[in-house]
Structure formats: structure tokens, C-alpha cells
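Whatever this is, show me its structure:
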Amino acid sequence: MARIFSIPPGVPFVDALADGLLAQYAAPDDPLRLAAVTVLLPTRRACRALREAFLRRAESGAMLLPAMRPLGDVDEEELALIGEAADDGDDLGGGLDLPPAIAGPRRQLLLASLVERWWRARGEGPREGGFDQAVRLAGELGRLLDRIHTARLSFDGLKDLVPAAYAAHWQITIEFLAILAEHWPAILAEEGALDQADRRNQMLAALAEDWRARPPDAPVIAAGSTGSIPASADLLAVVAGLPQGAIVLPGLDRHADAESWDALGEAHPQYGLARLLDRLEIAREEVPDWPAHVTGSTPERGWLLSEAMRPESTTDRWRAIPAVPDAATDGLNRIDCEHPEEEAGVIALMMREVLETPGRTAMLVTPDRELARRTASALGRWGIAVDDSGGQPLADTAPGSFLRLIAAAVSDAFAPVPLLAMLKHPFAAGGLGQGAFRARVRDLERRALRGPRPASGTGGIRAALVAEKASQSLLDWWDGIAAAAADFTGTLDAPAIDLPALVAAHAGFAEWLAAPEEGDSPLWAGEAGEAAAGFVASVVEAAAGLDPLPGDTYPALLDALLAGQVVRPRYGTHPRLSILGPLEARLQHADRVILGGLNEGSWPHDPAVDPWMSRPMQRDFGLPTPERWIGLSAHDFAQLAAAPEVVLTRSAKDGGAPTVPSRWLTRIETLLHGRGNDIAAATPHRGWTAALNAPETVTAGRRPEPRPPVAARPRQLSVTAIETWMRDPYAVYARHVLKLRELDPIDADPGAADRGVFIHEALDRFVRDYGAGWPTDPLGALLAIGRDALGAMLDRPGIWAFWWPRFERVAAWFLDEERARRASVVRSATEVTGRLEIKAPAGPFTLTAKADRIDALSDGGLAIIDYKTGTVPRKAHVETGLSPQLPLEAAIAAAGGFEGVAAAQVARLLYWRLAGGDPAGESRDAGDSDAAALAAQALEGLGQLVARFDDPGTPYYARPHPWPEIAPRFSPYEHLARVREWSTVSGE
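As a prediction, the model looks like this:
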């Protein structure tokens, strides 16, 4: 048989390969003949696919299969997959005495140490981010090393890079790369290990040399490889020369004309195959098809893709194409979605549709991991667990997120937000039942973690609990957490940490916190738990012997080490559906192939920015250009798009920004539109997806109209609540009938309300302390009171920078105003409580108040002053009764309702606006009318309001007056009233 073959695009590759091998080597009288064959395939997934193809053809259910070995023909982004063969005895170079491949975490940490030592040698010290940044750079550096090994370049070539030819920062990088070239081989020798890519090259080279010297007696078939890795290409050349060797190429283009073939560039899908044929010294025309008949081949589709992908220099030949055969586009559809969420839903629906036909299969192929995850999630609607070859990032699994949250909480000295995130994780139990543990967490949150942040550490939280008079059981529970975390906390707080000891302490605390009341801990259970346990063990092993590290970088360091760690399900996925990346999809087949995420930047990927080498440096050094990887990606696309039933999908927008269709999709559309063809699918899937997510009925929201019995309605309200009652009765219902109170924010920064409380307290204390006579230094005394009122808040940079200068200006204005008023003021009372009882249909109603300040004037009248650090009510609102606070306080004062203040006529109602800006303060009358008249009007209006709500049929509407000048600017009960559901733009 000829030595080099090709299986056409669109033909199920492994099925055709299996049929050909069976036809050539299967013999009923010699079952060992087929078993003697060795088949080399690009990936382990391809090996599994070929094995399944043989089993589908085994009539008796049993068959001695050929030996199938993965070559590891992968590009730079998938080097994590190489070396899998060595894990279970499938190592091609198993007989070669080579050092083992260095473990990934160990290499990353060693490279990070080298980077950090280089920084220090340059006198730069640790960069921003510390050792964790070095670890991230080490990950990129490791990928560069793999690319250098894969291209079989020598580190000596770094010397040929002339620093003067590049920008200054690249000159510094060249300096480091020279150091790396000098020291890294010695470090590997000391470790007794090899870089994984280097070891693979040596194994393939040794195998090639062995076969060249001693050709195998049995057939060797290398199938599906494009020879993109030089070491693989060398082995293919040896296989082609073996007496019983053969090469089976994937999708050699038979349609391209000679001019186009000669003009192939690196970004063309056939470039790799053309270069391999040149290496093998065989012309394209001399390569026959693989001798096996498999249905499904569509030559017209192959012609269409060949034309669409032709080099730019020959695209003028499109004009000579009279028409595109219908067979070329039969089964080829394009669906443009509005956004990635819709795209994932449409894809999931198309995959689910396939299951309606017994035996049919479907696969989504996309390099877009976000689209893959969204599609897998959408399939969960039907309870389908799909095989996603990309797996799930370990950091995003339950065990991974639990470890990260614990690291963040302890590293941040148990600050409220990270602490609650840790304690509310589903794994957190601390040896209790879930209900009991959650109840304690909620109690801790309410007592210590809402409002201003407590002092740092476990001790600070305990002090906050004691101050809040927490129960002894809650204190004991918290003490248990503090004791369990003590080892981890102590190790992390050390000036220099030993990473293995820290990781062990971290894992120990995680195990304690995840311990359930009964049964086994979920932390290390399942595939994700096993992966997390393996990760912890690998980091402990990899960090042995490293220099001590600063503990404050540990959470970021943990994230850096977790990057790239994935969890792949071993079982439990649907046998007829799969989600694959382009690499994993090589040589795979399904009845319906969906190519998703066909946008520029996604497929093909934008060239990654390498922090260690610029593109000119890579070119000068001899590394493959980004166009080479685009060519490999283009070959993957062309092979998959040649399947009988293909759906091409993309989203028009991503994150709200317009996207650009993939260049390959654009080429196909350009070619087809010029001939009057269109592959835009008139399928119902977008409509079906929208219908699936749409509610069956849409009921317009209605304004709530609670009508509690009169006995449950409040019989006492403050003057400030009266204004709320008028503007938003529902808020009064929620607070005084339902007894709902807004919780303080978690870890709250001081806000406008806190600033108002602070200024009120400072002025109140000054007037109380110095009402009879002023101190010698009034401003100094008032500022001292202000400092004391602020307390620990004054240590916050924002308070000192913004609040304090404003308070200094307020204090100066206040003292000037006091000097001007003291001659006419007999006595001042501050923070005075008062009450007034009025008659109402359902019984007496009590009005309460706390006046900021009431001045008894020398003429016998009273002046009521309200301090405002925010917006001052408009006079019109006071006159019309919409802002009745001061008039109602005047009514209480006139009736003698304020403690320690004799009944008297109120002469003035004043607002003091204390903003601290320019001007620092302002004194303004509440209204233009007489204070007594305003008081009488407000009291009459209150009586009418109480009488109205003493009617059991009167509802507590939410925002009965929707106009902005009447509706409240803010209400903590707005979400309970579902205001956004029933309000309209015109009505609000």
C-alpha cells in the first residue's frame, strides 16, 4: 500500500480509519494480526474515539484492538495535555532512561523565585503585588520555555537578540532571558527533571531514531497529525519510510489550484500540510484517499471551504465562479444571535433537539470557554450533564472557592465582608448542623458585622460581640472558630512565612470549618474535592525549599497557583452530547456539529501579548509567528465545517459592545453572497429559545394597598414620621405595623447620616457645657468636643481629609452666630423631647418630637432651631404642610409639651444649614408665614390625617403622590413595595 494517504474533509475520520484498518489487517483466522498494528494519533481523545469506532464494528462485541498511542501533537495553548501518555504507561519513550518531567507547580514556583531574585538584584525590590506577581509572570515564562522547546530552538539564540534594536523595557527583558538561559538548565539538573516539552521532544526523537535503526516488524500508522510540532514531523518522516509504515493526513485540499497552493501563507488552513508534504518530498497529487468507503463525504462542501479559504492573492478567481452548487450549502446554516446568553440558549436547544432522534449525536466546538460554560448551564434546564472537555476551573468549584474565601478572610484579619463570604459558603459548618451554624452566622452578622467595622482580628470581633451583649453561646461559638483558625492566622501573620507550612495550616482550618455534624466532610469529596486535595498536596511538595515569603500576598499567590487548574468529570455525562475545544475536536465526529463563538478575537483568538518577548523579538529568535497558530486554528475550522450538518453561530454583541464576525465566516458569506446564496438559517430556534425564557403570562404590577385593622395601626408617631406618612404611607406601615427596620450596611463606611449625628452631638455638647458662659477659647473647645465625638472615626483618612475641614468651618460659623444671638437668648435647651396628645376617631393619638434646639428669647417667645447638614426643606413645602416637622414642634411647644420648656408662643422657626462649604452655614426661616399660624395649620392637617387613617378602609399606599417634589427621595422600603414594578416613567 502507498505510504501517505488523506481522508477527505467531512468524512468521519476515525470511522474511515477503522474501516480501512479492518479491511487491511483484520483476518478471521488471525485475530492477532490487527492487534500487532500501532496507530499514532494526535491526542488521547482521538485514541478513545478510534477505540470506540472499532467497538462499534465488533460484531461479536469483542475484538483485539491495535495499539493506539497519542503523539501529543498540540500547540502552545494546549501543552498542559502533553505528557498524559506517561501517566498510565502509554509513554512512547517508555524504554528511554530520561529524567521525569518537572511538575507544573514546582516549575512555576522555581521560575517565580528566579524572577524575584532578578528584581532584587536590579535593586527594584518586590514589585507591586509581590511574589504573586512573580508567580503569574512565571506562568507566562513557562509557556515561553515550552514554545522554545517545541520549536527546538537553543537558548544560545538569545545572545543573537540585539538589545539596542528594541525598546528599553525589552532590553531589560533580554537581560533576564540571558540569565534564565544560564541558570535554568542548572536548576533543572539539580531538580533531576526536564521541562515537559523538552522531554516529549527527546522521547519522540529517541523513538524516531530507534525505528530508523530497527524498523518495526508490524505496521505503524500515523493518522490525523499535521506535523505542527517539529519533533512530530521528524517521527512522521520516519514512519513514512518504514517498510510497513503509513501516514493518514486529515483533510488534504484536493480543490485548490496550483497557483493558490504555491501561494499558501502561514495563516492558511493547508499551510501545515503543505509544509509536511514538502518535508516528506511528495506532491499533493501523489497522495491518494484512504482506501475505505464511508458515507457522509460532501465534495461540494470541501470545494466551498477551499474556495472561501483561498489565498488573498488569488481571490480574484471568485469572479469566475458562475454558481455555488446547492450541495455545498445543504446542511450548512448560520445563526446570528443578539448576545452570548441567547447564543448559548440557542445552541443548548439545538443539542437537546438532537436527542429526540435515537442514536443521533451533537457536539459544540468553540474556543470560547464562557460560551461553553453558558451552554452547559443551559442544558441543565433539561437535567443534562454534558461532557465539557475544557472542564471547570478549580478556583470556581465549591472546594476551590471555599479555600480562596478562607484565605481572603484570614488574610484580611476577618474583615466583615470576606468573613461572611467564608461563613456563608455551603461547606461551612464547623461541626454543627447547617441550620444551627447559619443561625449563629446571622446572629454574628447582626451584632458585630453590620455598621462600622469592628477592630481587626478575631479579638476585635469578640470585643464587638461583648459590647453588643451577645449570648454566651454565641461567644463560645466564635471562640471555637478563633481557636481553629489560630494556627493559620499565626503562620500568616509571621514576618516571613514558610509556604508548605502555611498551605498545611490553611488546609487544616478548611477541614475544621467544613466538618459537618454527622458524616464525611464535603471538602475533599467528589471530583472537585479530589482535585483540590491534589492541588494542596502538589503545592506543599512544590514549595519545599523555597525562600520564606511575605504573608500578605498569600490570597493572590493562591489565585495565581490555581490559575489553569481544571476539573474534568470522569463519568455521569450524556453519551451523545459533548462540548469540545478545537484541539479536542480534532478527528471527532457528530451528526450535528455546532461551531460557536465565531467572532474575531474568539475564533481565531487574538494573538496573546507575551510579557517576555515582543512579536519582533519572537520573529528574530525563530519562534513560530501568531499567523502559524491562526493557520492551525483555520484547519480545525475547515475540517469541522465540512461535516454534513453544521451550524455556525455567533453573537452580534458581547458585553454590550458590537462584535466582528470571524474572518472565515466573512469569507464564506462574501463568496456566497456574490453568487446569490445565503446560509442564514430560517430556523425557529431563536424564537423557541425566547419562548422558553418568557413567562406564560405577564401581570402588570399593582401598587400595594395594605389595610391593617385600626387596632394594629400606630397610635404614636414622631414629627419626622408624619412627613413620611404624608409622602409615603407604605413606609409607615412597614416600619410601625410590620415592625421592619432597615439593617445597617455590612462594614459600613461613615455616611451622610453619620456626619449629621456627629455635628449634632458636637453642637449639643457645646451648648450644654457652655450655655451660661463661654470658655476662653470657644473654637478650641468646640473642636475638642468634635474630636471626642468622632472618636476612632477620625483615624479614617476620608474623615480627616473631608469631614474635619468642613467641621472646622461649621464650628467657626456656629460660634459667630452664637455671639450674635446670645444677647437675645435667655436659655437654650438642646435635644429636647416632647409629646402632644390629640383627639382622634379611634382614640387618642400621640405626637412625639426631639427638637435639636429651643431658645427661650428675652421677649418671652421661643425660637425652635433645626440643624440640617443636608438639604433644607423648601419654604413652599413648609407653608403647604408637606414638611411639617418644625410647625408641629411649634404646636408641641405652644402646648408646653417639651420637657423643661415652659409653654410659650413660638416666635421663630429656623433651619441652620451646616454644610461646611461656602458659605459654611446659613440661618433661614422655615416659612414666610407666622410661626403660630404654621403650627395651627400643621396641627389641623395632622388631625385630618389621623382621622383619615382611623378609617379601616384607608390603605397605606406606596407613594400616593408620584410627583418628584412630593414623593420621597429615598425609602428603605421601596423594594418591599415593588415600586419599580408598578411605577412608570410618566408617573414617577
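
and stretch 65-79, what's its mean pLDDT?
Averaging pLDDT along stretch 65-79 gives 62.

going forward, begin numbering at 31 instead of 1
Done: numbering now begins at 31, and the last item shifts to stretch 95-109.

Only alpha carbons, please: show stretch 586-594 as PDB.
Output for stretch 586-594, consisting of C-alpha atoms alone and laid out as PDB, is shown next (Å, rounded to 0.1, in the frame of the first residue of the first chain):
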ATOM      1  CA  ALA A 586      -3.200  36.500  45.400                       C
ATOM      2  CA  LEU A 587      -0.500  33.800  45.300                       C
ATOM      3  CA  LEU A 588      -3.100  31.100  45.800                       C
ATOM      4  CA  ASP A 589      -5.200  32.600  42.900                       C
ATOM      5  CA  ALA A 590      -2.100  32.600  40.700                       C
ATOM      6  CA  LEU A 591      -1.300  29.000  41.500                       C
ATOM      7  CA  LEU A 592      -4.900  28.000  40.900                       C
ATOM      8  CA  ALA A 593      -5.000  29.600  37.500                       C
ATOM      9  CA  GLY A 594      -5.100  26.900  34.900                       C
END
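
how does the protein divide into domains?
34-126+229-327, 134-223, 356-421+601-723, 424-597, 740-979 (automatic domain parsing).

how about Ile624, phi and psi?
Dihedral angles phi and psi of Ile624 (degrees, to the nearest 10) take the values phi -110, psi 120.

Which residues are in contact with it?
Taking C-beta atoms under 8 Å, 6 or more residues apart in numbering as the criterion, Ile624 is in contact with Ile377, Met380, Met381, Ala392, Met393, Leu394, Val395, Val676, Val677, Thr679. For the C-beta atoms, the positions are set from N, CA and C on the backbone; glycine is no exception.

Give the bridge partners for the last one, please.
To tie it back to what came earlier, the one meant is Thr679. Under the criterion DSSP bridges, Thr679 forms beta bridges with Ile365.

was I right about it contacting Cys367?
Yes. Counting by C-beta atoms under 8 Å, Thr679 sits close enough to Cys367 to count as a contact (6.5 Å).

any idea where the helices of the stretch 731-880 of the chain begin and end?
In chain order, the stretch 731-880 of the chain shows helices spanning 749-757, 759-762, 782-799, 808-820, 827-828, 834-851, with DSSP state H, counting those that start in this stretch as the criterion.

Looking at those helices, spot the one closest to Ala304.
Proximity to Ala304 (C-beta to C-beta) singles out helix 827-828 among these, at 64.4 Å.

longest single helix anywhere in the chain?
In the chain, assigned by DSSP state H, the helix with the most residues is helix 198-221.

sorry, back to before: please enumerate the shared neighbours of Thr679 and Cys367.
Glu373, Val376.

quick one: which of those two has more around it?
Thr679 (27 against 21; other C-beta atoms under 10 Å).

low-confidence ranges in the stretch 631-780 of the chain?
711 (pLDDT under 70).

Strands of that one, start to end?
Under the criterion DSSP state E, counting those that start in this stretch, the stretch 631-780 of the chain contains strands at 676-681, 683-684, 687-688, 746-748.

what sits against the closest residue to Gln669 other than its chain neighbours?
Across the structure, with C-beta to C-beta, 6 or more residues apart in numbering as the measure, the residue nearest Gln669 apart from its sequence neighbours is Gly281 (4.9 Å). Contacts for Gly281 (C-beta under 8 Å, 6+ apart) come out as Ser36, Ile37, Pro38, Pro39, Leu303, Gly332, His665, Ala668, Gln669, Ala672.

just Leu793 next, same as before
So, once contact is read as C-beta under 8 Å, 6+ apart, Leu793 ends up touching Leu812, Phe844, Thr860, Arg883, Tyr897, Leu944.

Isn't the first one up against Asp846?
Just to be clear, that refers to Leu812. No. Using C-beta under 8 Å as the test, Leu812 is too far from Asp846 to be in contact (11.8 Å).

Who has more neighbours out of the two?
Using other C-beta under 10 Å, the more surrounded residue of Leu812 and Asp846 is Leu812, with 25 against 12.

Now the more buried one. Nearest residue, chain neighbours left out?
For Leu812, the closest residue by C-beta to C-beta, 6+ apart turns out to be Ala841, at 4.6 Å.

cool, and Glu614?
The shortest distance from Glu614 to any residue that is not its chain neighbour, by C-beta to C-beta, 6+ apart, is 4.0 Å, and that residue is Ser419.

My read is that that neighbour contacts Leu610, right?
Yes. When contacts are counted by C-beta under 8 Å, Ser419 is listed as touching Leu610 (4.7 Å).

Between these two, tell me which one has more neighbours.
The residue with the greater number of neighbours, taking Ser419 and Leu610 and applying other C-beta under 10 Å, is Leu610; the counts read 23 against 19.

which residues touch that one?
For Leu610, the contacting residues are Met393, Leu394, Val395, Ser419, Gln618, by C-beta under 8 Å, 6+ apart.

Identify the bridge partners of it.
On the basis of DSSP bridges, Leu610 is bridged to Val395.

that older thread, give me the residues contacting the longest helix of the chain.
Counting by C-beta under 8 Å, 6+ apart, the neighbours of helix 198-221 from elsewhere in the structure are 132, 136, 140-141, 144-145, 148, 152, 171, 175, 185-186, 188-189, 191, 193-194, 196, 224-225, 641-644, 647.

In the stretch 181-330 of the chain, what residue spans correspond to helices?
Counting by DSSP H, counting those that start in this stretch, residue ranges of the helices within the stretch 181-330 of the chain are 198-221, 226-243, 260-271, 288-292, 301-310, 329-338.

ugh, typo on my part, it should be the stretch 481-630 of the chain
Secondary structure of the stretch 481-630 of the chain (DSSP H, counting those that start in this stretch): helices at 487-497, 502-523, 529-544, 556-572, 584-592.

Dump the ones you listed to CSV, plus mean pLDDT and mean neighbour count.
Rendered in CSV, the data for the helices of the stretch 481-630 of the chain read as follows (pLDDT from 0 to 100; neighbours: other C-beta atoms under 10 Å):
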stretch, mean pLDDT, mean neighbour count
helix 487-497, 92, 17
helix 502-523, 94, 16
helix 529-544, 95, 21
helix 556-572, 93, 18
helix 584-592, 89, 22
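
right, and those - which one's nearest Glu735?
If we rank those by C-beta to C-beta, the stretch that ends up nearest is helix 502-523, at 40.4 Å.

tell me what the closest one is packed against?
In terms of contacts (3 or more C-beta pairs under 8 Å, 6 or more residues apart in numbering; DSSP states H and E), helix 502-523 is packed against helix 428-441, helix 464-474, helix 487-497, helix 529-544.

please redo it, this time with the cut-off set to 10 Å
Helices and strands touching helix 502-523, by 3 or more C-beta pairs under 10 Å, 6 or more residues apart in numbering; DSSP states H and E, are helix 428-441, helix 446-453, helix 464-474, helix 487-497, helix 529-544, helix 584-592.

Any idea which of those helices gets closest to Asp264?
Distances from Asp264 to each of these were compared using C-beta to C-beta; the minimum, 35.1 Å, belongs to helix 584-592.

How far away from the center of its chain is that closest one?
Centre-to-centre, helix 584-592 and its host chain are 15 Å apart (C-alpha atoms, centre = their mean, to the nearest Å).

low-scoring stretches of the stretch 281-430 of the chain, by residue?
The stretch 281-430 of the chain contains residues with pLDDT under 70 at 323-327.

Which parts of it are strands?
According to DSSP E, counting those that start in this stretch, the strands that the stretch 281-430 of the chain contains are 362-367, 392-395, 417-418, 422-423.

what would those look like in CSV with distance to Glu753?
Shown next, in CSV, are those (distance: least, C-beta to C-beta, whole Å):
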stretch, distance to Glu753
strand 362-367, 50
strand 392-395, 59
strand 417-418, 57
strand 422-423, 52
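
Please identify the deepest-packed of those strands.
strand 392-395 (a mean of 28; mean count of other C-beta atoms under 10 Å).

what's it packed up against?
Contacts defined by 3+ C-beta pairs under 10 Å, 6+ apart place strand 392-395 against helix 370-384, helix 399-409, strand 607-610, strand 622-625, helix 656-671, strand 676-681.
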